[in-house]
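**Student:** sequence plus predicted model, see below.
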Amino acid sequence: MIRDTRKVGSNRIVRHFRIRKRVSGNPERPRLSLYPSLQHLEAQIIDDFEQKTLVGFSTKSKAFRKATGIKNAGNVKAAVVFGKFVAEQAKAKGIARVVFDRGGFLYHGRVKAFADSAREGGLSF
């Protein structure tokens, strides 16, 4: 495990390792992993037991842009819409319960907006 943040360049990596020690997905409750870049959001639903990504989503995808009409996806408003989009798509795949992995990012702003809207959309975590 990486502990020296001078080599890594970010405390986020250390937080991510600390979170991942406790959070893992299984077939009953897969892990919903979120990565917010500066301009976009990406999410994956992962079964860690089989080490497989069940489904992946991005604000860059044509399906998201066509369904929502959002072009600038780097703000809280887009995170709310993306959370509802992910919940709808996950429920269509038969996934209703997940474990949320914020990837070491602080639970604030876009991450919190995404999580709250995914809960409103029907995902339970």
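**Tutor:** Yep, that arrived.

**Student:** so what's the gap between stretch 21-30 and the chain middle?
**Tutor:** Computed by Cα atoms, centre = their mean, to the nearest Å, the separation of stretch 21-30 from the middle of its chain amounts to 14 Å.

**Student:** and it, which residues are buried?
**Tutor:** Within stretch 21-30, the residues that count as buried by 16 or more other Cβ atoms under 10 Å are 25, 29-30. C-beta coordinates here come from the backbone N, C-alpha and C atoms, glycine included.

**Student:** which helix in this structure has the most residues?
**Tutor:** Using DSSP state H to define each element, the chain has its longest helix at helix 76-92.

**Student:** give the buried residues for it.
**Tutor:** In terms of neighbour count (16+ other Cβ under 10 Å), helix 76-92 has its buried residues at 78-87, 89-90.

**Student:** report the contact partners of G25.
**Tutor:** Neighbour list for G25: 31, 45-49, 98-99 [criterion: Cβ atoms under 8 Å, 6 or more residues apart in numbering].

**Student:** repeat the analysis, applying 10 Å as the threshold.
**Tutor:** Listed by Cβ atoms under 10 Å, 6 or more residues apart in numbering, the contact set of G25 reads 31-33, 44-52, 54, 98-99, 101.

**Student:** if any of those residues are buried, give me the PyMOL selection for them.
**Tutor:** Command for PyMOL, covering only those of these found buried under the criterion 16+ other Cβ under 10 Å:
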select buried, resi 31+32+33+44+45+46+47+48+54+98+99+101
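
**Student:** from the contacts of G25, which ones fall inside strands?
**Tutor:** Where these overlap with strands, as defined by DSSP state E, the overlap consists of 31-33, 44-47, 52, 54, 99, 101.

**Student:** and these, which is closest to G122?
**Tutor:** The closest of the ones in strands among the contacts of G25 to G122 turns out to be L32 (Cβ to Cβ; 12.7 Å).

**Student:** beta partners of that closest one?
**Tutor:** When assigned by DSSP bridges, L32 has beta-bridge partners I45, F100.

**Student:** excluding chain neighbours, give the residue nearest to the most centrally placed residue in the chain in space.
**Tutor:** Taking Cα atoms, centre = their mean, the centroid of the chain lies closest to L34, which sits 2.2 Å from it. Nearest residue to L34 in three dimensions, chain neighbours excluded: A43, at 5.1 Å (Cβ to Cβ, 6 or more residues apart in numbering).
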